[in-house]
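[1] Coordinates only, no sequence provided:
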């Protein structure tokens, strides 16, 4: 920038593109209406936006097992760089007794864990049984460190 030619200051890692975001939960099968994911990677940071809606779920596989949303790159292995997710649209997801979902990108993983917090700080994970209505979905964004 501005004529600086030092190798340490070179922007030599830039990428942008699309990916297919999915919900994953042990034993559950999901069918989708929409799956849009976009990312921009600059150096060792990735910014991701996603939008997912379901056309249905397999009722035989629904459970309280935690649900995650995949990401295009694995996060760095350091706990100092765990990232929080900003959810935009939350539609027809059963939030009764849990409140709004929170999202976290854990170190060394390539997914967002959907979790909740409660008044006594115990919290927990959202299960696939909360995603049992056709048309339910979520959108959001996160920026996280990749190495």
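    Perfect, I can see it now. Keep in mind that this is a model prediction, so the values were computed, not measured.
[2] And the contacts of the helix or strand harbouring residue 88?
    Per DSSP states H and E, residue 88 falls inside strand 83-91. For strand 83-91, contacts defined as Cβ atoms under 8 Å, 6 or more residues apart in numbering pick out 51, 53, 75, 100-105, 112, 135-145. C-beta here means a position set from N, CA and C on the backbone, and glycine is covered the same way.
[3] what about 6 Å?
    103, 105, 112, 136-142, 144 (Cβ atoms under 6 Å, 6 or more residues apart in numbering).
[4] Separate out the buried members of the residues you listed.
    The neighbour-count criterion (16 or more other Cβ atoms under 10 Å) marks 103, 105, 112, 136-140, 142, 144 among these as buried.
[5] Going along the chain, name the strands of the chain.
    Using DSSP state E, the strands of the chain run over 14-19, 23-24, 30-42, 45-57, 68-70, 83-91, 102-105, 111-116, 124-125, 137-145.
[6] Report the angle between the first one and strand 30-42.
    It stands for strand 14-19. 170 degrees (axes from the mean of the first three to the mean of the last three Cα atoms, to 10 degrees).
[7] Any buried residues in strand 14-19, and which?
    For strand 14-19, by 16+ other Cβ under 10 Å, it's residue 19.
[8] contacting residues for the most centrally placed residue in the chain?
    The residue lying closest to the centre of the chain (Cα atoms, centre = their mean) is residue 112, at 3.5 Å. If you count contacts by Cβ under 6 Å, 6+ apart, residue 112 has them with 69, 85, 103, 105.
[9] Equivalent analysis for residue 49, please.
    38, 141.
[10] one more time with 8 Å
    37-39, 139-141.
[11] From those residues, pick the one nearest residue 29.
    residue 37 (19.8 Å; Cβ to Cβ).
[12] Now do the contacts for that closest one.
    By Cβ under 8 Å, 6+ apart, the residues touching residue 37 are 18-21, 48-51, 72.
[13] any chance of the contacts of strand 83-91 in TSV, plus distance to residue 7 and pLDDT?
    Listed next are the contacts of strand 83-91 as TSV, based on distance: Cβ to Cβ, whole Å; pLDDT from 0 to 100:
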residue	distance to residue 7	pLDDT
103	36	88
105	30	90
112	34	92
136	49	90
137	45	91
138	42	93
139	39	96
140	36	95
141	32	96
142	30	95
144	26	92
